[in-house]
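>>> Sequence and predicted structure are below.
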Amino acid sequence: MSKKRTHLESWLGITALVGISVISLANVLVRYTTNASFAFTEEFSVFLMVVLAFSGAAVAARSNEHIRITLLENYLGLLGRRIVFVLQWLGSLIVLGLVVWYGGWLTYEEYTWESLSPGLGYPTWIYLIWLPLLASVVIFRSTQSLFNRLRDSDIKREEAQ
């Protein structure tokens, strides 16, 4: 399969990973040398881990590299394979749709309640808004992948004839 265009998600994931690494390294060095630690490290690291996970999921969804069992895909005919592709996509759509819905609702509640984070006192909706946004990106990339897989199965069928 050709390389898919997921530069934005890739760079977002890279940036999150670099951020986690720099924050953790700086915290270890400061803790080792001064016996104190930065207050923001846990708060930012958890936020960046969510960004990293969902941006990585979007890249994997677009390039069709999510872990799955392909036994059925390999032994089914064209129609069965297409049904499995759609069922896989529907399962992802349901789970990620729930993440978008409840994550969006939680973000809205935190915004309206003006909740602040316990460590730094930042508004918590700033951290939470990324959950429904990035889950929506994964849905979009999964849908792109579904269309490509359906198209590729048609091409393979035509080549077999």
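Good, I have the coordinates.

>>> How far away from the center of its chain is the longest helix anywhere in the chain?
In terms of residue count, the longest helix belonging to the chain (DSSP state H) is helix 78-113. Helix 78-113 has its C-alpha centroid displaced from the chain centroid by 12 Å (Cα atoms, centre = their mean, to the nearest Å).

>>> what element comes up after that helix heading to the C-terminus?
helix 125-128 (DSSP states H and E).

>>> how far does that next one sit from the chain's center?
Worked out by Cα atoms, centre = their mean, helix 125-128 lies 16 Å from the chain centre.

>>> Output the contacting helices and strands for that helix.
On a contact count with 3 or more Cβ pairs under 8 Å, 6 or more residues apart in numbering; DSSP states H and E, helix 125-128 meets helix 41-62, helix 78-113. Quick note: C-beta positions are derived from backbone N, CA and C, even for glycine.

>>> need those in TSV with distance to residue 19 and mean pLDDT, can you?
Compiled in TSV, the helices and strands packed on helix 125-128 are given as follows (distance: least, Cβ to Cβ, whole Å; pLDDT from 0 to 100):
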stretch	distance to residue 19	mean pLDDT
helix 41-62	5	93
helix 78-113	21	95
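
>>> The longest helix of the chain vs helix 41-62, what angle?
Orientation check (axes from the mean of the first three to the mean of the last three Cα atoms, to 10 degrees): helix 78-113 against helix 41-62 gives 150 degrees.
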